[in-house]
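1. With the sequence up front, the predicted model follows.
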Amino acid sequence: MPETSPLWLDEVAIYQGDRPLVRVDARIAPGEVLTLMGPSGVGKSTLLAQVAGFLAPAFTATGRVRLGDEDLTTRPPERRRLGLLFQDPLLFPHLSVGGNLAFGLPPGGGRRARRRRVEAALADIGLAGFADRDPATLSGGQQARVALMRVLLAEPRAMLLDEPFSKLDAALRDEMRRLVFARVHDRGLPTLMVTHDRQDAEAAGGRIIELAP
Amino acid sequence: MRPARPSWLGLIPRLTVLLLVLPVAAGLVGVLAPSFGWLPALGGDAWSLTPWRALWQAPGLADMLRLSLVTGLASTLAAFAVVMLFLGAFLETSLFRVVRRLLSPLLAVPHAAAAIGLAFLLAPSGLASRLGSPWLTGWERPPDYLFPGDPGGLALIAGLVLKEIPFLLLMSLAALPQCRAHERLMVARSLGYGRLHAFAKAVLPGLYPLVRLPIFAVIAFATSTVEVAIILGPSTPPTLAVAVVRWLNDPDLSLRFLASAGALLQLGVTVLALLAWWLAERLVRRLAAGWLVGGGRRRGEAMGRGLGAGLTGLSILLLGASLAGLALWSLAAWWPFPAAWPAPMTLATWREAADTAATPLRHTASIGLAATALSVVLVVGCLEAETRRRRPLRPGAQLILYLPLLVPPVAFLYGLVQLQAQLGLAAGWLAVTLGHALFVLPYVFLSLAESYRRLDPRWSQVAAALGASRARTFWRVRLPMLTTPIAVAAAVGFAVSVGQYLPTLLLGAGRLATLTTEAVSLASGGDRRLTAVYALGQLALPALGFVLATGLPRLLFRHRRHLLT
C-alpha cells in the first residue's frame, strides 16, 4: 500500500446564514471509506463541497479540513489534490475518451508516453481501444468508469464521492461499487462518500455517519 | 393535444423572417445595378464597369481597405481576449458579480456616445492629459499628438474594444449555463487545474461555439461602422465605410455609382474579415489540440489572472472616465488647459440645447418607441408560436436572425434607398422606423428568447387544465409572468434604436435629425460643450429605458413577490 495520510475533518460545520446545517468531526484512515448518510437537503453534499473547496457563497463553514499535517481549509480546490467523483460522469464533450483521460494525467512525459499511459488505463477498466471514441457514444456504465479513471490518473491523495452510483441502473451499480472501492483500497486513499442509498454504505464497508434533518 | 389551428399567430414567424431577409436581400440587389452603371434615375442606362474602375482608382483605396480590415479584426480580437481573460480569471468569484453589475449597464451606452467620450478623454487636451499635467508630464499646453484620428486607427480600435466588451460579456454570460460551464470548471479544478487553465481547457471549447455568431456580428460591425469611425477614425483616408457614406452624401450625384461599388466592396471586406477569423479559428483549434490534453495545469496562471484583472479594470475605468468627462464638458463655461476641473460651471450649454434638441429628441424617442413596439410584438409572436408548436427554431432561423447584424448596413441600406425612391415611398419617419426595426428585432429576440423558453411549461398546463383557452393562457398567464424579461428586452431594443446612425441618415434622406445624427455631426465640429450635451442626451434615453424596465415591474407587482425573483 503506498504511503498516504489520513483525511481529517476537524469539527467541520456548515451554516446557511445563521442556521447550522451539519457538523462532522472525523478522521478517515488511508484506505477507509467514511459514509455520510441522510435524506436530501440535509447538507451532506454541501459538506463535501466544503472539503473539496467549492462551497457556494450562500453558505459559511467553520472547522478545518486537513490531510495529515497539511491544512487544506483555505486552499483553492486545484491545490488540494483531492479526487472528486460526481453523480454524472461529466466527461468533457470536446475531448475524445483518451483526451479526457490525458486531461487527468499530470503534465510531462512526451506525447507517446502519455498515449501509452492512457491506453493502459483504458485497458485497466476494460475499455481497451476506446481512446479515440467520442464520449457521447459510450454507455452510462462505460462513462462512469472513464470518469473514475480520469480522477485516479490525476493522482489524488484522497477521494470524495458525491452520490457516485445514484444515476446507474441496478446491475451496473454493483459492478461500479466494487470497482471504485477496490481502487480506493488498493491505493490506500482515505475516502469520504455522501449518499442516500443504504446499499452504497454497506458496500463501502466502513463507518457510517447518519445525518438527521 | 388539439391539432394546431391555422391562425394569425402562425404567420408571425414568417412575417418576421420576411421583414429581416427581404430588406437585406433587396438592398443588396439595389446596389448591385448602380455599381455596374445602371441607375436610370441618374442617367445611368448602360451597363459598364466604370464605377468599379473609378473605385479602383479612388485615392487611398488600399489604406481604406487596410484600415477597415485591421481595425475590425484587431478590435474584435482584443475585446474577445479581454472578456475571456476576465471570465477565466474571475468566473464564480464575488468580484465577478461586482464587475458584471458595473459592465451590464454600459451595454446601453450608444456607440457614438462612447466614442465621443473616449475622444474627449484621450485627446491632447482631454481629461486624461489634464489630470497628469503639468505635475507629471510638464505640459503647459496640450501636447502634439494625433488622437482621435491617428492614421493607424488606434483610437478607432480602442473605441470599438470598449464598446464590444460589454456586448461579448453579456452574450457569454447567457451562454455559460448552456455549456454547463459550472460543472466543467469544477471537474477541471478538482483535477488540479488553476482557474485560468480550467477555463481555457475545459470551458472555452464548449463556450466558443455558442458565442461564435455574436463574435461574427462584432466583426461585421467593427469592419463597417460609420459613426465610430467618423468620430475616432482617421479622415484622409477614412475607413471604407466612411468613404462610401461620403460619396453617397456628395452633392455630385454621379458619385452614387462609385458609392454603390464601394458598398459592395464593403460587403467583400466584411466577408474577408469573417473568413480570416474563421481560418484563424481552425488554425487555433488544430494547434491547441495537443495543449488541451497535455496536462499543464498552472503555468502563467498568476500572470494571466493579473492581466485579466488589469485589462478589465482599465476598460471599466476608460468607459467610466469617458462618461464623467462628457458630464464635465457639458457643464464647462471656461476650461483652459491644463485645469482638471472646469470653473465656473454653467448650465448655459444645456439651456442652449434645450431649444435646438427638442425636435431631435422627439424623433429619437418616437422612432425608438415605434421600432421597439413592432419588434417586441413580432418577437413575442415568434416565441409564442414556437412554444405552441413545442419545437425550437431551426438552426437556419438563428442565422436569419443575425442577418442584419452580419451584413454591413452600408452595403444594403443605400440599395434600400434606391428601391424606396423607385417604389415612391417617401423618405422619412416611417422608413426610418422600419429600418431601425431591422436592427432592433434581432437584439430583442436574443434578449428575450432564453427567458421565454425557460418559463416552466407546467404553468400553461395548469391554466389549460382549469379550462383556459390558449389565447387566455397567453394573455393572462404567460405574458404577465414574463413582464420583466419583456420590459428588459424592450429596453435593449430601444437602446439599439437610439444608437442607430446610418439607417437614420440614409432612410431619412438626411432630413430626419435624431440625437445620434446630431451628436455625430457635432463631434466633427469644434464645439465640445454642445457635443457633450447631445452625447449625454443620447445616453440618457436608453438609461431611462432601463430604469423603467427594471422599475415598473417592481411597482406593478409589488404585492406579487414571487414574480420578481
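-> Thanks, I have the structure now.

2. Which pLDDT value belongs to B:Ala25?
-> Reported pLDDT at B:Ala25 in the predicted model: 91.

3. now the one 10 residues further on
-> B:Ser35 carries a pLDDT value of 88.

4. Same check on A:Pro2?
-> We note a pLDDT of 54 for A:Pro2 in this prediction.

5. tell me which parts of chain A are close to chain B?
-> Counting by Cβ under 8 Å from any Cβ of the partner chain, chain A comes close to chain B at A:52-54, A:57, A:76-79, A:81-84, A:86, A:88, A:90, A:92-95, A:98-99, A:102-108, A:111, A:114, A:150-151, A:154. The C-beta positions use only the backbone N, C-alpha and C, and glycine is treated the same way.

6. And the strands in the chain, which stretches?
-> This is for chain A. A:7-16, A:19-28, A:33-37, A:59-67, A:70-71, A:83-85, A:159-162, A:191-195, A:208-210 (DSSP state E).

7. that's the other chain; I wanted chain B
-> In chain B, the segments counted as strands under DSSP E are B:38-39, B:44-45.

8. okay, now the domains of chain A?
-> Chain A breaks down by automatic domain parsing into domains covering A:1-81+A:156-213, A:93-155.

9. Now do B:Leu103 against chain A, distance only.
-> Distance of B:Leu103 to chain A, computed by Cβ to the nearest Cβ, to the nearest Å: 20 Å.

10. excluding its backbone neighbours, what's nearest that residue?
-> Closest residue to B:Leu103 in three dimensions, ignoring its sequence neighbours and counting by Cβ to Cβ, 6 or more residues apart in numbering or on different chains: B:Pro166, at 4.9 Å.

11. Quick one: neighbours of the one you found, just the number.
-> 24 (other Cβ atoms under 10 Å in any protein chain shown).

12. All the helices of chain A, residue numbers only.
-> In chain A, the helices defined using DSSP state H lie at A:44-52, A:97-104, A:111-124, A:140-153, A:170-187, A:198-204.

13. Mind giving me the packing neighbours of the last one?
-> Looking back up the chat, that one is helix A:198-204. Applying 3 or more Cβ pairs under 8 Å, 6 or more residues apart in numbering or on different chains; DSSP states H and E, we find helix A:198-204 packed against strand A:33-37, helix A:170-187, strand A:191-195.

14. right, so those: which one is the most enclosed?
-> Across the helices and strands packed on helix A:198-204, averaging neighbours per residue (mean count of other Cβ atoms under 10 Å in any protein chain shown) puts strand A:191-195 on top, at a mean of 26.

15. now, of the helices of chain A, which is deepest in the fold?
-> Highest mean neighbour count among these (mean count of other Cβ under 10 Å): helix A:97-104, a mean of 24.

16. Touching, B:Ala41 and B:Gln420? I think so.
-> No - taking contacts as Cβ atoms under 8 Å, B:Ala41 lies outside contact range of B:Gln420: 11.7 Å.

17. what about chain B, any weak spots by pLDDT?
-> B:1-7, B:392-393, B:564-565 (pLDDT under 70).

18. go again using 50 as the cut-off
-> Within chain B, the segments meeting pLDDT under 50 span B:1-4.

19. top helix in it by residue count?
-> helix B:255-292.

20. contacting residues for the residue nearest to B:Leu103?
-> B:Leu103, B:Ser104, B:Leu106, B:Leu107 (Cβ atoms under 8 Å, 6 or more residues apart in numbering or on different chains).

21. Just the buried subset of these, please.
-> B:Leu103, B:Leu106, B:Leu107 (16 or more other Cβ atoms under 10 Å in any protein chain shown).

22. Run through the residues that contact the second one.
-> Yep, that's B:Leu106 we're talking about. So B:Leu106 contacts B:Pro166, B:Ile316, B:Leu319 (Cβ under 8 Å, 6+ apart).

23. Which one's more surrounded, B:Ala41 and B:Gln420?
-> Between B:Ala41 and B:Gln420, B:Gln420 has the larger neighbour count (other Cβ under 10 Å), namely 21 against 12.

24. any idea how far chain A is from the more buried one?
-> Computed as Cβ to the nearest Cβ, the B:Gln420 to chain A distance reads 47 Å.

25. can you pull the contacts of that residue?
-> Per Cβ under 8 Å, 6+ apart, neighbours of B:Gln420: B:Ala427, B:Ala431, B:Leu507.

26. Closest one of those residues to chain A?
-> The closest of those to chain A turns out to be B:Leu507 (Cβ to the nearest Cβ; 43.9 Å).

27. What's the local residue count around the closest one?
-> 27.

28. closest one to B:Pro51 among the helices of chain A?
-> Across these, B:Pro51 has its closest neighbour in helix A:97-104 (53.1 Å, Cβ to Cβ).

29. Centre of the chain to that closest one, how far?
-> Between the centre of helix A:97-104 and the centre of its chain there are 17 Å (Cα atoms, centre = their mean, to the nearest Å).

30. Counting by contacts, list what it packs against.
-> With contacts taken as 3+ Cβ pairs under 8 Å, 6+ apart, helix A:97-104 sits against helix A:111-124, helix A:140-153.

31. what's the average pLDDT for the last one?
-> The predicted model assigns helix A:140-153 a mean pLDDT of 95.

32. Check the offset of that helix from the chain's centre.
-> 11 Å.

33. returning to that earlier point: present the helices of chain A as JSON lines; the columns should include distance to B:Ala263.
-> Output for the helices of chain A, formatted as JSON lines (distance: least, Cβ to Cβ, whole Å):
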{"stretch": "helix A:44-52", "distance to B:Ala263": "57"}
{"stretch": "helix A:97-104", "distance to B:Ala263": "46"}
{"stretch": "helix A:111-124", "distance to B:Ala263": "50"}
{"stretch": "helix A:140-153", "distance to B:Ala263": "53"}
{"stretch": "helix A:170-187", "distance to B:Ala263": "62"}
{"stretch": "helix A:198-204", "distance to B:Ala263": "68"}
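
34. among those helices, which is nearest B:Phe216?
-> Distance to B:Phe216, taken as Cβ to Cβ, is lowest for helix A:97-104 among the helices of chain A, at 27.4 Å.

35. Now do that closest one against helix A:140-153: the angle between them, please.
-> 30 degrees (axes from the mean of the first three to the mean of the last three Cα atoms, to 10 degrees).

36. got the angle for helix A:97-104 vs helix A:111-124?
-> Relative orientation of helix A:97-104 versus helix A:111-124 (the same axes, to 10 degrees): 110 degrees.

37. Need the residues that contact helix A:97-104.
-> A:91-92, A:95, A:114-115, A:118-119, A:121-122, A:127, A:130-135, A:138, A:146, A:149-154, B:188, B:191, B:201-202, B:292-295.

38. what does stretch B:75-93 give?
-> With Cβ under 8 Å, 6+ apart as the test, stretch B:75-93 has contacts from B:96, B:99, B:156-157, B:160-161, B:164-165, B:168-169, B:172, B:176, B:181-182, B:185, B:195-196, B:199-200, B:203-204, B:215, B:218-219, B:222, B:277, B:304-305, B:307-309, B:311-312, B:315.
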